[in-house]
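J.: Sharing a model prediction with you, sequence too.
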Amino acid sequence: MESCATCHTQKIAIIGAGAVGATTAYTLMLKNLAAEIMLIDVNEAKEEGEVMDIDDILSYVETGAIKGADFKDAANADIIVLTAGAAQKPGETRLDLVNKNKAICASIFKSIGKIKPTAIIVVVANPVDIITCLVQNISGLDNSHVFGTGTSLDTARLRTEIGKALGVSAQNVDGYVLGEHGDTEFDAFSTVSVGGILIKDLKLPKAKLYEIEEKVKNAAYEIISRKGATFYGIAMTVADIVEAILFNQHKIMPLPVNLNGWNGISGVCLSAPAVLGRQGVEKVWPLKLSGSEKRRLQKSAKAIKKFL
């Protein structure tokens, strides 16, 4: 990997040392994306154990240190990754977690205190769209510095499934899953192309596209029912987001941002293609959705707004 000059001084704080938080810390270490990683959790024994375990790989990576820390230490981090919250259980939707995780989130940021204005917060905790809106309101940071992982992982799943269906690499598939990271998310097939050819011109049967969309939407439920949690995919998603920030890549990613007139939606955090760089979200890409996709985006907005 190309060296990142800013990575030599960057501090990343990960709030939550559960499966997602610990796997994210491990993945960031492997990708050499920070000088120091802080792992923070109310369960200090769990936090210490994860730090001790990950510490064993320091001789293999460029990261200078991983350490346990207090919530107040996160105030001076360059990037804060929020994974803490009640986990989604088998049979639960992400929206079932609203009240529990809103309370946890408010408590965390009260404990952190004033955050430095250049910091960027990446929200992973579910329901990510609602928690992102909450953190934008209570963090004191500009909205461009607070966003979630949203449908980035769902988009990776979509690209993988389309690649499998057509017998090509997922890296040659472009397009997005948009809206709520949850049951009202939708595959924006009008945005999808493979090797420069629009998906509509590749003549995949509608039944196959429907099958792919359902598989993408239900992937987390299927994984949780079998192993209790998802963490590898989301950890790599966070690493991809952090890399886009630190390398100032101006990368377009589907992230929950506070929309202002995008395809007719305003005043709610939903995943839309956002240009991401060192200053956070630079702008929302002016992607035009089809009429049916706009209606599905409105349905997502309605589902989220009633919880705000």
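T.: Received it, and whenever you're ready, just let me know what you need.

J.: and the residue positioned nearest the centre of the chain, what pLDDT?
T.: Centroid-nearest residue in the chain: Thr149, 1.4 Å away (criterion: C-alpha atoms, centre = their mean). In this prediction, Thr149 carries a pLDDT score of 98.

J.: Likewise for the one 5 residues further on?
T.: pLDDT, the model's per-residue confidence, is 98 for Asp154.

J.: Render the CA-only coordinates of the helix or strand hosting it in PDB, please.
T.: Per DSSP states H and E: Asp154 is located in helix 152-166. Taking Å, rounded to 0.1, in the frame of the first residue of the first chain, the C-alpha atoms of helix 152-166 are listed here in PDB:
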ATOM      1  CA  SER A 152     -21.900   1.000   1.800                       C
ATOM      2  CA  LEU A 153     -21.800  -2.600   2.900                       C
ATOM      3  CA  ASP A 154     -25.200  -3.400   1.200                       C
ATOM      4  CA  THR A 155     -23.700  -1.800  -2.000                       C
ATOM      5  CA  ALA A 156     -20.600  -4.100  -1.700                       C
ATOM      6  CA  ARG A 157     -23.000  -7.100  -1.400                       C
ATOM      7  CA  LEU A 158     -25.000  -5.900  -4.400                       C
ATOM      8  CA  ARG A 159     -21.800  -5.700  -6.500                       C
ATOM      9  CA  THR A 160     -20.700  -9.100  -5.400                       C
ATOM     10  CA  GLU A 161     -24.100 -10.700  -6.300                       C
ATOM     11  CA  ILE A 162     -24.200  -9.000  -9.700                       C
ATOM     12  CA  GLY A 163     -20.700 -10.100 -10.400                       C
ATOM     13  CA  LYS A 164     -21.600 -13.700  -9.600                       C
ATOM     14  CA  ALA A 165     -24.700 -13.600 -11.800                       C
ATOM     15  CA  LEU A 166     -22.700 -12.300 -14.800                       C
END
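
J.: returning to what we had before: tell me if I'm right that the residue nearest to the centre of the chain and Ile121 touch.
T.: No - Thr149 is beyond contact range of Ile121, at 11.5 Å (criterion: C-beta atoms under 8 Å). In short, each C-beta sits where N, CA and C put it, glycine included.

J.: so where do the helices sit in the stretch 51-200 of the chain?
T.: Ranges of helices in the stretch 51-200 of the chain, per DSSP state H, counting those that start in this stretch, are 98-112, 128-138, 152-166.

J.: Deepest-packed of those helices, please.
T.: Neighbour counts (mean count of other C-beta atoms under 10 Å) averaged over each of these peak at helix 128-138, with a mean of 25.

J.: which helices and strands does that one pack with?
T.: Using 3 or more C-beta pairs under 8 Å, 6 or more residues apart in numbering; DSSP states H and E, the elements in contact with helix 128-138 are helix 98-112, strand 120-123, strand 146-148, strand 251-262, strand 265-277, helix 291-305.

J.: So which elements touch the fourth one?
T.: Okay, so that is strand 251-262. helix 128-138, strand 146-148, helix 152-166, strand 173-178, helix 232-246, strand 265-277, strand 280-284.

J.: Could I get the buried residue list for it?
T.: By 16 or more other C-beta atoms under 10 Å, the buried positions in strand 251-262 come out as Ile252, Met253, Pro254, Leu255, Pro256, Val257, Asn258, Leu259, Trp262.

J.: which of these sit farthest apart?
T.: Largest separation among the buried residues of strand 251-262 by C-beta to C-beta: Ile252 and Asn258, giving 17.4 Å.

J.: how about the helices of the stretch 51-200 of the chain in CSV, adding distance to His181?
T.: Output for the helices of the stretch 51-200 of the chain, formatted as CSV (distance: least, C-beta to C-beta, whole Å):
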stretch, distance to His181
helix 98-112, 13
helix 128-138, 5
helix 152-166, 7
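
J.: among the ones you listed, which is nearest Ser59?
T.: Taking C-beta to C-beta, helix 152-166 is the member of the helices of the stretch 51-200 of the chain nearest to Ser59, at 30.7 Å.

J.: re the thing from before, could I get the buried residues of strand 251-262 as a markdown table with pLDDT?
T.: Output for the buried residues of strand 251-262, formatted as a markdown table (pLDDT from 0 to 100):
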| residue | pLDDT |
| --- | --- |
| Ile252 | 98 |
| Met253 | 98 |
| Pro254 | 98 |
| Leu255 | 98 |
| Pro256 | 97 |
| Val257 | 95 |
| Asn258 | 94 |
| Leu259 | 96 |
| Trp262 | 98 |
